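Student: take a look and give me a structure for this.
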Amino acid sequence: MLMALFGRAAEAFRSLAASLTDPYRPELHYMRGPGPRYRQRHGQS
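Tutor: Numbers count the residues shown, from 1 in each chain. Now for the predicted structure:
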């Protein structure tokens, strides 16, 4: 019984640690398209 409780606690800790250190951050990969500097350099209006 004690080992089962310890196993569940360890799994909960692993799950928490994985969620806190998740490297995927979608806001860093969100692209809105070319900005005004790009348009200025490449002659687009």
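
Student: tell me how far stretch 38-45 is from the chain's mean position?
Tutor: Mean-position distance between stretch 38-45 and its chain equals 32 Å (Cα atoms, centre = their mean, to the nearest Å).

Student: show me what counts as buried in that stretch.
Tutor: Buried residues in stretch 38-45, counted by 16 or more other Cβ atoms under 10 Å: none are found. C-beta coordinates here come from the backbone N, C-alpha and C atoms, glycine included.

Student: strands along the protein, start to end?
Tutor: Here the chain has no strands by DSSP state E.

Student: need the phi and psi values for Arg25.
Tutor: Dihedral pair for Arg25: phi -130, psi 100, per degrees, to the nearest 10.

Student: do the same with Gly33
Tutor: The phi and psi values for Gly33, taken as degrees, to the nearest 10, are phi 110, psi 180.

Student: and it, how many residues sit next to it?
Tutor: When neighbours are counted by other Cβ atoms under 10 Å, Gly33 registers 5.

Student: show me the shaky parts of the protein.
Tutor: Counting by pLDDT under 70, the chain has low-confidence residues at 44-45.

Student: need the single longest helix in it, by residues.
Tutor: Taking DSSP state H as the criterion, the chain has its longest helix at helix 2-20.

Student: what comes up buried for that helix?
Tutor: Within helix 2-20, no residue qualifies as buried by neighbour count (16+ other Cβ under 10 Å).

Student: which other helices and strands does it contact?
Tutor: The helices and strands touching helix 2-20, judged by 3 or more Cβ pairs under 8 Å, 6 or more residues apart in numbering; DSSP states H and E, number zero.

Student: stretch 27-42: end-to-end distance?
Tutor: With Cα to Cα, to the nearest Å applied, stretch 27-42 spans 27 Å between its terminal residues.

Student: separation between Leu5 and Ala12?
Tutor: Leu5 sits at a distance of 11 Å from Ala12 (criterion: Cβ to Cβ, to the nearest Å).

Student: could you do Leu28 as well?
Tutor: To Ala12, Leu28 is 28 Å away according to Cβ to Cβ.

Student: then Leu2?
Tutor: Leu2 sits 16 Å away from Ala12, going by Cβ to Cβ.

Student: over to Asp22?
Tutor: From Asp22 to Ala12 the distance is 16 Å (Cβ to Cβ).
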